[in-house]
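Colleague: My questions are about this predicted structure, shown below with the sequence.
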Amino acid sequence: MRLGFRVERFIGADLLQQKNIEILAENVQIRENKQTIGELDCLLLKDGKPFHLEIIYKLYLYDENVGTNEIDHWIGGNRRDSFAKKLEKLKEKQLPLLYNPHTKPLLDSLNLKEEDIEQRVHFRAQLFVPFQKKVEFNLLNEQCLKGFFIRPKELGRFKNFEFFIPFKRDWLIEPQEDVDWMTYQTFKEK
């Protein structure tokens, strides 16, 4: 899942309130013969020094049956994505895009030289563990743990609770209490 964003919304106003930051370009698609080969999330100047900033926001579920280590166990909700795959894509495709010959016209238009640009990654994630499962964090930041997930076959344990299904655009906000709650039966039907 890749979310559309503007840098100030994603990282927050703190970045833009700093007088030493100037955003040069955001969400720039790099093309080869009318086909997009990648996108640079943000080019900025900090204290006059150019930076390429890749911005990532992901949701991952813990599945100890996938892979052989802590990084491999974190997968996307559709099971096609994973933290390990995202790191590989970042290393093999997204960060090298700065040095692709098709990026040069953009850099020239901004009067930037690739060798002067420092690359940074702003990676945020929401991590969810299986219900009532203790997961040990050795490599990842435990502060990214947002809650737990429940498999469909386990939902019956919660039939006396109320439910709410947020729109996808609201998945990243903190849970709200003032919503239209539904019964277990209505939730199952939806």
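Modeller: Cool, got the structure.

Colleague: Check whether residue 91 sits in a helix, strand or coil.
Modeller: Reduced to three states with DSSP: H, G, I helix; E, B strand; the rest coil, the structure at residue 91 is helix.

Colleague: how deep is it tucked in, by neighbour count?
Modeller: 10 (other CB atoms under 10 Å). Quick note: C-beta positions are derived from backbone N, CA and C, even for glycine.

Colleague: same check, this time on residue 25
Modeller: For residue 25, the neighbour count with other CB under 10 Å is 16.

Colleague: so what's it up against?
Modeller: Residues in contact with residue 25 (CB atoms under 8 Å, 6 or more residues apart in numbering) are 40, 42, 43, 106, 110.

Colleague: Residue ranges in the chain under the pLDDT threshold?
Modeller: 1-18 (pLDDT under 70).

Colleague: Show me the strands in it, by range?
Modeller: For the chain, applying DSSP state E gives strands covering 21-32, 35-46, 49-62, 74-75, 118-130, 145-149.

Colleague: same for the fourth one, what does it pack against?
Modeller: Spelled out, it's strand 74-75. Secondary-structure packing of strand 74-75 (3 or more CB pairs under 8 Å, 6 or more residues apart in numbering; DSSP states H and E): strand 49-62, helix 83-89.

Colleague: which residue of this structure sits farthest from its center?
Modeller: No residue in the chain sits farther from the centre than residue 160, which is 33.6 Å out by CA atoms, centre = their mean.

Colleague: if I look at that residue, how far off is residue 173?
Modeller: Relative to residue 173, residue 160 is positioned 26 Å away (CB to CB, to the nearest Å).

Colleague: same check, this time on residue 188
Modeller: For residue 188, the distance to residue 173 - CB to CB - is 25 Å.

Colleague: cool, and residue 35?
Modeller: 35 Å.

Colleague: same deal with residue 34?
Modeller: Distance from residue 34 to residue 173, by CB to CB: 37 Å.

Colleague: The two: which is more packed in?
Modeller: More neighbours surround residue 173 than the other of residue 34 and residue 173, with 8 against 5 (other CB under 10 Å).

Colleague: hang on, the earlier thing: going by distance to residue 146, which of the contacts of residue 25 wins?
Modeller: Closest to residue 146 out of these is residue 42 (24.8 Å), distances taken as CB to CB.

Colleague: Kind regards, and thank you for your time.
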